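> Build me a model:
(one chain, ligands or ions: 3)
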Amino acid sequence: MQVEEYLNKIAESEGTVHLTLIDPASQTPDQAAEIAHAAALGGTDAIMVGGSTGAGGVLLDQTLLKIKERTDKPTILFPGNASGVSKHADAIFFMSLLNSRDINYITTNQAMGAPVVYKSGIEPISMAYIIIEPGGTVGWVGDAKLIPKHKPELAVAYALAGKYLGMHYTYLEAGSGADSPVTPEMIGAVKHVLGDNKLIVGGGIRDGETAKMCALAGADMIVTGTILEESSNVTAKIEELVSAIKK
Ligand SMILES: CC(C)=CCC/C(C)=C/CC/C(C)=C/CC/C(C)=C/COP(=O)(O)OP(=O)(O)O
Ligand SMILES: O=P(O)(O)OC[C@@H](O)CO
Ligand SMILES: [Mg+2]
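Residues are numbered from 1 along each chain as shown. Ligands and ions are numbered 1, 2, ... in the order given. Prediction:
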């Protein structure tokens, strides 16, 4: 089954998907594989692999190969640029940073990466990637015109643009390690206009309560990365997050 279909079925049947983000630049490939294995034991639905700086090439390939040895969960590339493409993944969030000022993050990296995706046969999942205040590393690297935290109507405008451009998924990104996630108001307003299109929320989600708030507000999928890099018991942390968001 295609990864996009797999994720949609979980969102529709279990309420919300949990996605584990692993940044290849944050640990060795073996350590990344252990995190992925522990996350799978905790009930995560898929493993996203990507980072905004230095997460491409051999390190990315090795990280994906080691993860594949330790879990059968699908691996989905979360690319920081065209070097974030690898044939060793199952799928790629083929994303455009819609509120970027820099064409390289709107279409150029995508055009440079597309032939590699085509040749590798990995599954592209189209995505509108929208950066919300504070934005973190990705907001700086992607030169985003940050959407104010308390202006849901601006996020709605970009989400609708992505939908009308044919992008299947919409990602509201507060930035890795953000001190607080996107607000429930913004999540609800965006999900309302998306209808069946899936909404992903990530950035600053550290516990089950916050994840539940995002899910109840309308998020179809929740991403956590930093908290797992910092956690001494990844399986327990994932169990906390998953039990909070599943029906
Ligand atoms: C589809 C293709 C081939 C490329 C898309 C390229 C785009 C649009 C990238 C968006 C901008 C960007 C830099 C995205 C990176 C996404 C990501 C992995 C963010 C998390 O970055 P971390 O490296 O974890 O942040 P910290 O360094 O703060 O932990
Ligand atoms: O690292 P955290 O804060 O969990 O954010 C996950 C993802 O949204 C980062 O791009
Ligand atoms: Mg990171």
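
> ok and the residue in this structure nearest ligand 2?
Ranked by C-beta to the nearest ligand atom, the top residue of the chain for proximity to ligand 2 is Gly202, at 2.5 Å. The way it works is simple: take the backbone N, C-alpha and C, and place the C-beta from them, glycine included.

> Return the set of residues that bridge with that residue.
Glu173, Val223 (DSSP bridges).

> So it sits against Val17, correct?
No: contact between Gly202 and Val17 fails when scored by C-beta atoms under 8 Å: they sit 11.6 Å apart.

> any common contacting residues for those two?
Residues touching both Gly202 and Val17 (C-beta atoms under 8 Å, 6 or more residues apart in numbering) are Ile222.

> By mean pLDDT, point me to the weakest helix or strand of the protein.
helix 226-230 (a mean of 91; mean pLDDT, DSSP states H and E).

> what bits of the chain have low per-residue confidence?
By pLDDT under 70, the low-scoring segments of the chain are 54.

> Can you pull up the most central residue in it?
Ranked by distance to the mean C-alpha position of the chain (C-alpha atoms, centre = their mean), the top residue is Val223 at 5.5 Å.

> What distance do you get for Thr137 to Val234?
22 Å (C-beta to C-beta, to the nearest Å).

> thinking again about what came up before, next one: the residue nearest to the centre of the chain from ligand 3, what distance?
For Val223, the distance to ligand 3 under the criterion C-beta to the ion, to the nearest Å works out to 11 Å.

> That residue against Gly202, yeah?
Yes: using C-beta under 8 Å, Val223 is in contact with Gly202, at 3.2 Å.

> Overlap of the contact sets of the two?
Leu19, Leu21, Tyr171.

> How is the first one assigned, secondary-structure-wise?
It refers to Leu19. Following DSSP: H, G, I helix; E, B strand; the rest coil, the label given to Leu19 is strand.

> For it, grab the count of nearby residues.
23 (other C-beta atoms under 10 Å).

> can you check the one 5 residues further on too?
Residue neighbour count, defined by other C-beta under 10 Å, stands at 25 for Pro24.

> higher neighbour count, Thr137 and Val234?
Legend: neighbour count by other C-beta under 10 Å for Thr137 and Val234, higher for Val234 (23 against 15).

> Can you name the next helix or strand after the lengthiest strand in the chain?
The longest strand of the chain (DSSP state E) is strand 123-131. Past strand 123-131, further along toward the C-terminus, the next helix or strand under DSSP states H and E is helix 136-141.

> Other residues contacting that next one?
Contacts of helix 136-141 (C-beta under 8 Å, 6+ apart): 52-53, 80, 131, 144, 146, 173-178, 203.

> quick one: the residue lying farthest from the centre of the chain from ligand 1, how far?
The C-alpha centroid of the chain is most remote from Lys119, which lies 23.3 Å away (C-alpha atoms, centre = their mean). For Lys119, the distance to ligand 1 (C-beta to the nearest ligand atom, to the nearest Å) stands at 13 Å.
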